[in-house]
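J.: Prediction below, plus the sequence it came from.
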Amino acid sequence: MHYAINVNVSVQPEDIIHWLSPFRKGARVRCRTGEKLSDILLRQFGMKPDYVEKRVRTVFINGCPVDDLDAAVVADGDEVALAGALPGLVGICMGRNSPVAGFRRDITFHSGEAVRGQGVVVLKLFNTVGQEAGPLLLSRGILLTGAELGALAGRAMAEGHKPLAVTLEGKPVGLDALCGLKPQDETELRVAVS
């Protein structure tokens, strides 16, 4: 895995919302790949078993619905989308262990061969899962380009957000310093609630 510039931001609880937007379009997250999705969510991402079972009701890998988190093996580069229960008939059909899952048998996710090792997945979080699990995952770190981080910091400044602390490679900086990175720079952003 190549080097990324370390960026840490500390915020008050009500301000974490400013930093969750990368999960809507997909945030790159480091993890061990070639592992079961259940192991990634519980052991690597630190989600609680009860939370995953009761609140993460809709799961997609590469656009295909997932029923069994223990059978779904995640490969390097896969896109994993997590959400609470979705509304309507489509939501019922696409939900985990749906009683009508047989109707989507042809599009349900089936694991292929995946090499075990350090990798990156693209993680998307929606509805209640984004609000509830997003802060935990953001505190563990997401990978952004300098351009993506600059845009995120720029929006936060435009909205009047003032973090408690910002560090760039361990040195205190202002939020505006995140807008000055080279667009192609690889950064690892961690945002923690204080």
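T.: Sure thing, it's come through. All values reported here derive from a predicted model rather than from experimental measurement.
J.: In contact with the closest residue to Ala153 other than its chain neighbours: list those residues for me.
T.: With sequence-adjacent residues excluded and distances taken as Cβ to Cβ, 6 or more residues apart in numbering, Ala153 is closest to Leu178, at 3.8 Å. For glycine as for every other residue, the C-beta is placed from the backbone atoms N, C-alpha and C. Neighbour list for Leu178: 7, 149-150, 152-153, 166, 168 [criterion: Cβ atoms under 8 Å, 6 or more residues apart in numbering].
J.: Filter those residues down to the ones in helices?
T.: 149-150, 152-153 (DSSP state H).
J.: in the chain, which spans are strands?
T.: With DSSP state E, the ranges of strands along the chain come out as 5-11, 27-33, 35-36, 58-61, 64-65, 73-74, 79-83, 117-125, 142-145, 165-168, 171-172, 186-193.
J.: pLDDT on stretch 38-48, on average?
T.: The pLDDT scores in stretch 38-48 average 97.
J.: Now do the buried residues in that stretch.
T.: Across stretch 38-48, burial judged by 16 or more other Cβ atoms under 10 Å covers 38-42, 44-45, 47.
J.: what do you get for stretch 129-144?
T.: Neighbour counts over stretch 129-144 (16+ other Cβ under 10 Å) mark 129-130, 133-135, 137-138, 140-144 as buried.
J.: could you point out where this structure is predicted with low confidence?
T.: For the chain, the stretches with pLDDT under 70 are 1, 89-93, 97-108, 110.
J.: Repeat the analysis, applying 80 as the threshold.
T.: Along the chain, the parts satisfying pLDDT under 80 run over 1-2, 86-114.
J.: isn't Leu144 right next to Ala27, touching?
T.: Yes - Leu144 is in contact with Ala27 according to Cβ atoms under 8 Å; the separation is 7.5 Å.
J.: Give me the residue at the spatial middle of the chain.
T.: Central residue of the chain (Cα atoms, centre = their mean): Leu123, 3.8 Å from the mean position.
J.: quick revisit: winner for burial among the strands of the chain?
T.: Highest mean neighbour count of the strands of the chain: strand 73-74, a mean of 24 (counted as mean count of other Cβ atoms under 10 Å).
J.: Give me the contacts around that strand.
T.: 31, 33-37, 40, 61, 80, 111-112, 114, 121.
J.: and those, which two are the farthest apart?
T.: Within the contacts of strand 73-74, Cys31 and Gly112 form the most distant pair, 17.7 Å apart (Cβ to Cβ).
J.: Thanks again, I'm all set now.
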